[in-house]
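Chemist: Give me coordinates for this.
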Amino acid sequence: MSGRVALVTGAGGGIGRAVARQFALAGAKVVVHYRTAAAGAGAVVRAIEDDGGEAFAVGADLGREDECRRLVQAAAERFGRLDALVNNAGLQPTQDLAGMELADWRAVVDTNLSSVFSCTQAAAAVMRGQGGGSVTHIASIEGTRPARRHAHYASSKAAIIMHARAAALEYGEAGIRVNSVSPGLIDRDGLAEDWPEGVERWQRAAPLGRLGRATDVANACVFLASPLAAWISGHDLVVDGGVSARPTW
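Modeler: A predicted model of the protein is given here:
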C-alpha cells in the first residue's frame, strides 16, 4: 500500500484503530476519522507516526451529508488523492424489538447505513477522477444471522452488505471496487467480564476456538484494498473464526 491514501471512519478506537494502524504498517498514509473520540484519534495518529508512518485526524458528524463530503475532501486535499475508504463507524445498542420506537430505529440505521451511503458517494467522486479506488464497509455476520435485541443493528448490517454489492455494480466501470467485511465476535478489554456466558458460547461454537481480534478484521480490510484483491468486488468477506460454518440444527 506504499504511496496510497486510506481514510478510516470511526478510527478512534476498537476495530477502526486497528484498521488505521494496519494500513499504516502496510505503507499507506492514513486519515483517522472520529466523531467524539478526539483523544483516541490523536493517540492513533501518534502511534502511526511513532512507527514511521504518516497520518492525521479529522472530526466529523457522519450523520450529516455535508460533513461526509468535508471529511473526504479533507483527506484528498491533505494527501493529494484517496485510494481506500473503510466505512467502519457505527453503533451497536441492544433493545427489544417490541419496545423499540422509530427514533431508536433511525438512530442506528442513520448512523450505520446512511453514513455509509454518504461517505461512499463522496469518496467515489474523488476516486472516479483519479481512475479508481477501493471502498470497504464493516458489516457483521448479524447481517445474515440475527441476534436477539439487535433487530435494528442486524437490519442495518444486512443493508450495508447489499449496498456494497449495489455500489460495486454501479461504480465498477470507474475502476472502483466495493466490498464488505463481516466480523464475528471481536474481543475487547473487559468483554469476558461483561459477558462471560456469551464469550464461552462463542468459543465453543467457533471451529478455530477463539474470539476474533481487531487485527483480524484490519488485515481483511487491507487485503481488500490492496492490489492482491484487484479482481474482487461486490464480495462480503466473513471473518468469524468459522462460526458461520457451524450447523444450526
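
Chemist: Spell out the residue ranges of the strands in this protein.
Modeler: Per DSSP state E, the chain has strands spanning 5-8, 29-34, 55-59, 84-87, 133-138, 176-183, 236-239. These are given in chain order.

Chemist: Redo those strands as TSV? Include mean neighbour count.
Modeler: C-beta coordinates here come from the backbone N, C-alpha and C atoms, glycine included. Compiled in TSV, the strands of the chain are given as follows (neighbours: other Cβ atoms under 10 Å):
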stretch	mean neighbour count
strand 5-8	30
strand 29-34	28
strand 55-59	20
strand 84-87	30
strand 133-138	28
strand 176-183	26
strand 236-239	19
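
Chemist: mind exporting the longest helix out of those in the chain as PDB, just the C-alpha atoms?
Modeler: Taking DSSP state H as the criterion, the chain has its longest helix at helix 151-171. What follows is the C-alpha trace of helix 151-171 in PDB, where atoms were taken according to Å, rounded to 0.1, in the frame of the first residue of the first chain:
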ATOM      1  CA  ALA A 151     -33.100  -6.100  15.100                       C
ATOM      2  CA  HIS A 152     -32.100  -2.500  14.200                       C
ATOM      3  CA  TYR A 153     -28.400  -3.300  14.200                       C
ATOM      4  CA  ALA A 154     -28.700  -6.500  12.200                       C
ATOM      5  CA  SER A 155     -31.000  -4.900   9.700                       C
ATOM      6  CA  SER A 156     -28.600  -2.100   9.100                       C
ATOM      7  CA  LYS A 157     -25.700  -4.500   8.600                       C
ATOM      8  CA  ALA A 158     -27.700  -6.600   6.100                       C
ATOM      9  CA  ALA A 159     -28.400  -3.400   4.200                       C
ATOM     10  CA  ILE A 160     -24.700  -2.500   4.300                       C
ATOM     11  CA  ILE A 161     -23.800  -5.800   2.600                       C
ATOM     12  CA  MET A 162     -26.300  -5.200  -0.200                       C
ATOM     13  CA  HIS A 163     -25.200  -1.600  -0.500                       C
ATOM     14  CA  ALA A 164     -21.600  -2.800  -1.200                       C
ATOM     15  CA  ARG A 165     -22.900  -5.100  -4.000                       C
ATOM     16  CA  ALA A 166     -25.000  -2.400  -5.500                       C
ATOM     17  CA  ALA A 167     -22.200   0.100  -5.400                       C
ATOM     18  CA  ALA A 168     -19.800  -2.400  -6.800                       C
ATOM     19  CA  LEU A 169     -22.200  -2.900  -9.800                       C
ATOM     20  CA  GLU A 170     -22.600   0.800 -10.500                       C
ATOM     21  CA  TYR A 171     -19.000   2.100  -9.700                       C
END
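
Chemist: who's in contact with that helix?
Modeler: Helix 151-171 is contacted from outside by 87, 90-93, 95, 97, 100, 104-105, 108-109, 112-113, 116-117, 120, 124, 128, 135-140, 142-144, 146-147, 176-180, 182, 233-234, 236, using Cβ atoms under 8 Å, 6 or more residues apart in numbering.

Chemist: try stretch 96-112
Modeler: 62-63, 89-91, 93, 95, 149, 151-153, 155-157, 159-160.

Chemist: which of these are buried?
Modeler: The neighbour count (16 or more other Cβ atoms under 10 Å) marks 62, 89, 90, 95, 151, 152, 153, 155, 156, 157, 159, 160 as buried among the contacts of stretch 96-112.
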